[in-house]
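Chemist: Pasted the sequence and its predicted model underneath.
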Amino acid sequence: MQRTVIPALLLLTVAPLAVAKQPALRIVGLHLGMSHAQAQSRLKEIGQFKSEDEGQQVWILSHDQRYQYAIVGFDRSRHLRYITVLARPEGKPVSYSDLGDLASATRSGGPGNLRYTWKARDDIGGFEYLVIAKGKNNRYLDRYAVKRLGVESETEDRDN
Amino acid sequence: MSSHASSVTGATRFSLRSGIILALAAFCFATLVFAATPSSSTLNPVNGSSATWAGGGIAGATTDETTCVDGTDCDVYTITLTGSPANYKGLVLAISISHQVKLNDYDLYVHKGGLTGPVIASSTAGIPETSEAVVIDPTVSGTGVYTVHVVDSNVAPGDPYSGVASITTPPADSPAHGTAPTYANYQSPPGLGDSSGEPSIGANFNSGRIMTQAVFDTLQVTFNTNTSPATATWLLKDGPNTSITTLDPILFTDSQTGRTVVSQLFGTTSLSSFTDNDGETYTVSQGGGIASGVDHETVGGGPFRLCTADQLLVTPAPCAQLAVRGPLTQYPHAVYYASQDIGDAEMALSQDGGLTYEEAHPMYTLVDCGGLHGHIKVSSSGIVYVPNKGCGSTQGLIVSMDNGLTFTVQPVTGSSPNSSDPSIGIGSKGRVYFGYVASDGHPHITVSDDQGRSWHGDLDVGVPFSIRNTVFPEVVAGDNDRASFFFLGTPSAGDGTGADTGTPFNGVWHGYIATTYNGGKTWFTVDATPNDPVQLGVICTQGTTCPNGTRNLLDFNDLTADKAGRVFAAYTDGCITAACIARGNNATASHTRLDNDQATKATIIRQSTGQGLFKSQDATPLRP
């Protein structure tokens, strides 16, 4: 009995490590799909409003050691469609691998213009999303975005 | 190891020593042979204070000031103005250069401070010419150091220039000279271009044809000049993948190579093709190269930025970096694609004529500028520009000097943000004309001679028609001193570009073209649709938040010039029925959106008479 329990425990311990780390759909306490009001409330907690353009807002993050700015956009039902954060110069660096398993990401670009893209699914919300990390440095990112797929932006053009 | 290291160091020392000796020798040679003589002067705030100098024996050919090498094909003369700016009240600093041979072309740039300072005046006339001259007001520009930069645009050896700088009284203001151009309108035939918002237009210098695209239709337009007025033949020439669906249509024609790229934004990518025979056949391309751009795409192109042989000798390392981003195929020019998404705007370079694109490089984020931008333009020396309607408290110009690798955001000082995308035209020697709608709705244009680092000559070109609301500024330039600026405008005051939720805006919109032949000092503004309004009532520029019936023209128009310098504007006509046109021409009638046709008809304005944008073509007058 003991012989079977130990390997089973070992398996339980190792199994999570073997599963690729799915990048989070949440950044600085903001998560995709949250309402406009919830997002505003959270943004006011963590930063100061800077500007708005075509419904997209720029916020200066007051105390985050990693990120200096957050940019957010909403869908037509006024739920958070994307969040982009820009790394703070001289701040605490964030490596691409901090976000997720690099082996499961699509790597594009090259030295000086690197991009990792993960496509993931939020089973609770029932939607797919992209996580995109970009940077000039091969190890640390300059910007990081999560973007919900399958929804149109609040002001998305329809020229036909 | 130590010995090896020492050996390397020794070699390096030898190399450095040799290099220093060679550089010193080259410097002395350049100084002795090429430098202006004397190299500087000091002028005082007294009428008649003056200095002369003899230019070095420089010779060569450059594209613009950014491609010359001092001591080889350009040289420098320094002027110091003493006293304070107030001492120069009623006086100006006049600087001129002259030479003998009409077929040689020198250009004159004056920087405040050193060569990296702003260009506050320039004179860049083309062949034939034997002189260049500028006038500077020190009460505005200040005293201290001015650097005169004389550049060989195209100079054969043996024709040295001489220079004069003097403090004198201001010359009398000269009004726009010459004759204002005239224009004719060509509407697309029934069944073609009937749903034609936000058109693009391009001119193929090789075939002489015009290409235009709006929404689903790509149209080839041939003007028969055997008759006068010329007649137009319109043919549908859709690309294989650009008439299926559309979010943002765009067409770009590289006038020099004759290649036309057509593209339709398609979710997070774009559907794109190109043609080298004005739409007879197409090659389907990769599309934009940006995986996530979802709005307001733009395509542009032109020469790669590559070093001249002289630059290669002086700065080999940066030249090698530029060369890496040069052409990879027989197609000689760069093609660029830009779009926006998730808080930033990016641009991707194609090194194979638009067939494939690299991974896009970031241009700016919403921290720097508003998300949407205007259309890409590329200078003859390969500098890439993208205008933006709001970068902080001014409009902005995004500039790349390295084939789209890195970007700088330059504020357009003196401007103010608005909801219409600005546009630029680039003169043959690099002068940038930035056409924009100011925050008060007036059409403005301003000029930069230093890649957007400084701006001068900002003018409201709508004054002759008392224009109070403006949309869709579009600019094209030819020679450095010649440019045209197309816009839709109305003299009616009020919110002519809003959502029209209150009392309906009452206004008649026409298409106007302002043209300069003297580098932006003066402009002829002409109503190019005098008897046929383009729109009645509001033209909403608030994107998808615009109510139905207010955004039929969508977001922009376009402007180009053919090989003769004749100007062509593409616009969407929203008022096309006899009844609508009659109402528009009746000053006492109602002119709200309820009186408009809400049509979207493809129409081209063609310059009929007057000088074109190329001085070399002036000898052959344009015929209607």
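Modeler: The structure has been received and is ready for your questions.
Chemist: Please, where are all the strands along the stretch 451-600 of chain B?
Modeler: B:456-460, B:469-477, B:483-490, B:508-516, B:524-527, B:535-536, B:558-561, B:567-573 (DSSP state E, counting those that start in this stretch).
Chemist: For chain A, which of the ones you listed is the nearest?
Modeler: The closest of those to chain A is strand B:567-573. By Cβ to the nearest Cβ, the value is 11.4 Å. Yep, even glycine has a C-beta here, placed from its N, CA and C like the rest.
Chemist: Excluding chain neighbours, what is closest to A:P89?
Modeler: A:Q68 (7.1 Å; Cβ to Cβ, 6 or more residues apart in numbering or on different chains).
Chemist: for the one you found, helix, strand, or coil?
Modeler: Here A:Q68 is recorded as strand under DSSP: H, G, I helix; E, B strand; the rest coil.
Chemist: ok now stretch B:301-320, how far from the chain's centre?
Modeler: Taking the mean of its C-alpha atoms, stretch B:301-320 sits 22 Å from the chain's own mean (Cα atoms, centre = their mean, to the nearest Å).
Chemist: I would like the residues contacting that stretch, please.
Modeler: For stretch B:301-320, contacts defined as Cβ atoms under 8 Å, 6 or more residues apart in numbering or on different chains pick out B:60, B:62-63, B:67-69, B:72-73, B:252, B:254, B:256, B:261, B:322-323, B:325-327, B:332-336, B:350, B:354, B:376-384, B:401-403.
Chemist: Pull up the distance across that stretch, start to finish.
Modeler: End-to-end distance for stretch B:301-320: 21 Å, by Cα to Cα, to the nearest Å.
Chemist: for stretch B:181-198, same thing?
Modeler: Terminal-residue distance, stretch B:181-198 (Cα to Cα): 25 Å.
Chemist: Just the mean pLDDT for it, thanks.
Modeler: Across stretch B:181-198, pLDDT averages out at 94.
Chemist: With stretch B:360-376 instead?
Modeler: 92.
Chemist: swap in stretch B:259-272?
Modeler: Stretch B:259-272 comes out at a mean pLDDT of 78.
Chemist: before we move on, back to that, quick one: which of the strands of the stretch 451-600 of chain B is nearest A:V28?
Modeler: A:V28 sits nearest to strand B:469-477 of all the strands of the stretch 451-600 of chain B, at 38.5 Å, using Cβ to Cβ.
Chemist: Can you point out the buried residues in stretch A:47-67?
Modeler: The neighbour-count check on stretch A:47-67 (16 or more other Cβ atoms under 10 Å in any protein chain shown) flags A:47, A:51, A:53-59, A:61, A:64, A:66-67 as buried.
Chemist: what about it, start to end distance?
Modeler: Span of stretch A:47-67 from end to end, Cα to Cα: 11 Å.
Chemist: now swap in stretch B:542-557 and tell me
Modeler: End-to-end distance of stretch B:542-557 (Cα to Cα): 16 Å.
Chemist: what's the answer for stretch B:558-576, then?
Modeler: End-to-end for stretch B:558-576, by Cα to Cα: 19 Å.
Chemist: just stretch B:182-195 next, same as before
Modeler: Start and end residues of stretch B:182-195 are separated by 27 Å (Cα to Cα).
Chemist: how far out from the middle of the chain is it?
Modeler: 26 Å.
Chemist: Okay, buried residues for that stretch please.
Modeler: Here stretch B:182-195 shows B:Y183, B:N185, B:Y186, B:Q187, B:S188, B:L192, B:G193, B:D194, B:S195 as buried, counting by 16+ other Cβ under 10 Å.
Chemist: Which stretches in the stretch 51-200 of chain B count as strands?
Modeler: Counting by DSSP E, counting those that start in this stretch, the strands of the stretch 51-200 of chain B are B:60-61, B:74-81, B:92-98, B:105-112, B:119-123, B:131-136, B:144-155, B:162-168, B:182-187, B:200-203.
Chemist: tell me the angle of the fifth one relative to strand B:105-112?
Modeler: Interaxial angle of strand B:119-123 relative to strand B:105-112 (axes from the mean of the first three to the mean of the last three Cα atoms, to 10 degrees): 160 degrees.
Chemist: Neighbouring strands - and their directions - for strand B:119-123?
Modeler: Strand B:119-123 sits in its sheet next to strand B:105-112 (antiparallel), going by DSSP bridges.
Chemist: Contacts for the partner strand, please.
Modeler: B:65, B:95-97, B:99, B:117-127, B:129, B:132-134, B:136, B:141-142, B:144-155, B:161, B:429, B:449-450.
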